[in-house]
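**Student:** Predicted coordinates and the sequence they were generated for:
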Amino acid sequence: MARSPSFAGVILAAGESARMGRDKALLPWHDTTFLGGAIDLLNPYTEMVIVVAGKNAAALEPLVYSKGAFLVVNPESERGQFSSLQVGLSEVLNRGRDAAIVALVDHPPARLETVDRLRAAFVEAVNRDQWAVIPEYGGKHGHPVALGREIIEFFLKAPRTAIAREIEHAHQDRIQYLAVNDPLVVASVDTPEDYQRLIAGAAPSLGKS
């Protein structure tokens, strides 16, 4: 029998944005912000959107709630992005969902058609006993990613010192890499110069695979 996953969206937004000099979650993007755009992007494709914040929780709270999303706080955000991923994925399972579409707030929101393809590919992949779908552009792996319960459990059981890439590489035979025509999936915005290039329409810098 075909399996129909129950999706939650997860947006990792707990970083301190030290190199940017201001919170990347609140960078203007079209008629909203990076965070607002990410919530808008995931809402149509998930049953709920969970935003993981850190010390910036109070600043993000009004925007998160105005868009009908949920806010959770990583109490150890200084440990880095993997700790926020574990907080977010734990919340996914606690809220009764068994799949997640995970986005990073330091990437501009991907295109709607990209997430539509990602979600559809995951629904097909999970019935072939695959656990995740990761978009690719220009030979680089990007975000958002779709994760099933099996790989979510591996992320949650991993030691505090782990990184997501280690778990991905350990289970590559269970992961589908999906080529997409969307440079935003690998656009990493870390500095004011990166942001200005993005706004000016220059080719975004490619993230690391």
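**Tutor:** All right, it came through fine. Residues are numbered from 1 along each chain as shown.
**Student:** Contact partners for the closest residue to K67 other than its chain neighbours?
**Tutor:** Closest residue to K67 apart from its sequence neighbours, by C-beta to C-beta, 6 or more residues apart in numbering: I39 at 4.5 Å. Placement of C-beta: from N, CA and C, glycine included. Listed by C-beta atoms under 8 Å, 6 or more residues apart in numbering, the contact partners of I39 are G9, I11, V49, V51, L63, V64, K67, A69.
**Student:** ok, residues contacting the helix or strand where the second one lies?
**Tutor:** With the criterion set as DSSP states H and E, the secondary-structure element containing I11 is strand 7-12. With C-beta under 8 Å, 6+ apart as the contact definition, strand 7-12 has outside contacts at 35, 38-39, 42-43, 45-52, 69, 81, 84-85, 88-89, 91-92, 95, 97, 99-105, 119, 146.
**Student:** before we move on, back to that, in CSV: the contacts of I39, plus pLDDT.
**Tutor:** Formatted as CSV, the contacts of I39 follow (pLDDT from 0 to 100):
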residue, pLDDT
G9, 98
I11, 98
V49, 98
V51, 98
L63, 97
V64, 98
K67, 97
A69, 98
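**Student:** Which of the residues you listed fall in strands?
**Tutor:** The strands, defined by DSSP state E, take in G9, I11, V49, V51 from the contacts of I39.
**Student:** Name the nearest of those residues relative to Q176.
**Tutor:** Closest to Q176 out of these is G9 (19.2 Å), distances taken as C-beta to C-beta.
**Student:** what's the closest non-adjacent residue to that closest one?
**Tutor:** Nearest non-adjacent residue to G9, counting by C-beta to C-beta, 6+ apart: L42, 3.3 Å away.
**Student:** do the same with F70
**Tutor:** On the basis of C-beta to C-beta, 6+ apart, the spatially nearest residue to F70 that is not a chain neighbour turns out to be I50, at 4.9 Å.
**Student:** V73 is in contact with the one you found, correct?
**Tutor:** No: I50 lies out of contact with V73 (C-beta atoms under 8 Å); the separation is 11.3 Å.
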